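**Q** Sequence first, predicted coordinates after that:
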Amino acid sequence: MTALNDQALANKVVLVSGGTQGVGAAAAQRALQAGAEGVMITGRDATKGAVALAGLQAPGRQVAFHQADVADVDQAAGSVAAVIEQFGRVDCVVNCAGLVTRGSLVDTSPDHFDAHIAINLRAPFFIMQAAVRHLLERGAPGSIVNISSISSHGAQSFLAPYVAAKAGLNVLTKNAAHAHRFDRIRINALNIGWTATEGEDVIQRVAHAATDGWLERAAVNLPMGTLGQPDQIADMIAFLLSDASGVVTGAVLDWDQIVVGAWD
């Protein structure tokens, strides 16, 4: 991968949904480090947004937080309108907001299923729709990265609605990339694996009765001795957003230490 310099995203305005913590927050920070002119993060929680925004302050760069619950279509699409109103345009989008609550085929309710579709699939669809319409109106190129999951290949039985939504997001990524390749709007996805984030800590404790030290215990059993790290994923996101990734579009890249299709 070409090393990114501090101007890789120069003159770019970047929108990061779900940017108040975890991978989203790391992606926003990395965009600033790569020279982004402006970065807007979105999230449901205004308090978390204020804390995240304070950590993003960068001399000479513009940053903003927009409160939005992407499960609501109007709020999801409205985040694009908000970044355009704030900065005059948007050039790059990272769809990072996600829902990882558990559910199997036999115990998932319609409401639970719909919640996963709303956040993990429908929201990226309509955020992309609004962003692409804006780019087409400007006649401008752009780049979008959808944060998907290694679980989209099948995963554990307790991730059924999550898997369904993320698998849909991956095919949507390819469809949208194909539709807009001649508009020079590049759209790619990352299938990230088990990652050490604030949200993962919560879900492990709530859904799996994890106790203090679970992260260290889990890490020693993984091939690389660690869970994925948000800052490392953020590097790949910035690479895909930038011109350093060249002509790449429609790619769904596995970013994990699990080798899909292999077994012992």
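**A** That came through fine.
**Q** Residues contacting the lowest-mean-pLDDT helix or strand in the chain, please?
**A** Using mean pLDDT, DSSP states H and E, the weakest-scoring helix or strand in the chain turns out to be helix 198-208, at a mean of 86. Residues from elsewhere that reach helix 198-208 (Cβ atoms under 8 Å, 6 or more residues apart in numbering): 21, 22, 100, 101, 102, 158, 194, 210, 211, 214, 215, 227. Quick note: C-beta positions are derived from backbone N, CA and C, even for glycine.
**Q** who's in contact with the first one?
**A** Residue 21 makes contacts with 43, 48, 52, 197, 198, 199, as judged by Cβ under 8 Å, 6+ apart.
**Q** are any of the residues you listed buried, and which?
**A** 43, 48, 52, 197, 199 (16 or more other Cβ atoms under 10 Å).
**Q** Now the second one: phi and psi?
**A** Recorded main-chain torsions at residue 48 are phi -60, psi -40, according to degrees, to the nearest 10.
**Q** That one contacts residue 22, correct?
**A** No: look at residue 48 against residue 22 with Cβ atoms under 8 Å: they stay out of range, at 10.8 Å.
**Q** Validate this expectation: residue 23 resides in a helix.
**A** Yes: counting by DSSP: H, G, I helix; E, B strand; the rest coil, residue 23 is part of a helix.
**Q** Make CSV out of the contacts of residue 21 and add distance to residue 129.
**A** Below are the contacts of residue 21 laid out as CSV (distance: Cβ to Cβ, whole Å):
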residue, distance to residue 129
43, 20
48, 26
52, 26
197, 27
198, 29
199, 26
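**Q** any idea which of the residues you listed is closest to residue 135?
**A** residue 43 (23.6 Å; Cβ to Cβ).
**Q** Quickly list what the closest one is bridged to.
**A** residue 67 (DSSP bridges).
**Q** For stretch 123-137, which residues meet the burial criterion?
**A** Quick answer for stretch 123-137 (16+ other Cβ under 10 Å): 123, 124, 125, 126, 127, 128, 130, 131, 132, 134, 135.
**Q** Could I get those residues in JSON lines, plus columns for secondary structure, distance to residue 253 and pLDDT?
**A** Compiled in JSON lines, the buried residues of stretch 123-137 are given as follows (DSSP: H, G, I helix; E, B strand; the rest coil; distance: Cβ to Cβ, whole Å; pLDDT from 0 to 100):
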{"residue": "123", "secondary structure": "helix", "distance to residue 253": "21", "pLDDT": "98"}
{"residue": "124", "secondary structure": "helix", "distance to residue 253": "16", "pLDDT": "98"}
{"residue": "125", "secondary structure": "helix", "distance to residue 253": "20", "pLDDT": "98"}
{"residue": "126", "secondary structure": "helix", "distance to residue 253": "23", "pLDDT": "98"}
{"residue": "127", "secondary structure": "helix", "distance to residue 253": "20", "pLDDT": "98"}
{"residue": "128", "secondary structure": "helix", "distance to residue 253": "18", "pLDDT": "98"}
{"residue": "130", "secondary structure": "helix", "distance to residue 253": "24", "pLDDT": "98"}
{"residue": "131", "secondary structure": "helix", "distance to residue 253": "20", "pLDDT": "98"}
{"residue": "132", "secondary structure": "helix", "distance to residue 253": "21", "pLDDT": "98"}
{"residue": "134", "secondary structure": "helix", "distance to residue 253": "26", "pLDDT": "98"}
{"residue": "135", "secondary structure": "helix", "distance to residue 253": "22", "pLDDT": "98"}
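**Q** From these, pick the one nearest residue 235.
**A** Using Cβ to Cβ, those come closest to residue 235 at residue 124, 21.2 Å.
**Q** didn't the closest one look like it was pressed against residue 172?
**A** Yes: when contacts are counted by Cβ under 8 Å, residue 124 is listed as touching residue 172 (7.1 Å).
**Q** any common contacting residues for the two?
**A** Joint contacts of residue 124 and residue 172 (Cβ under 8 Å, 6+ apart) are residue 146.
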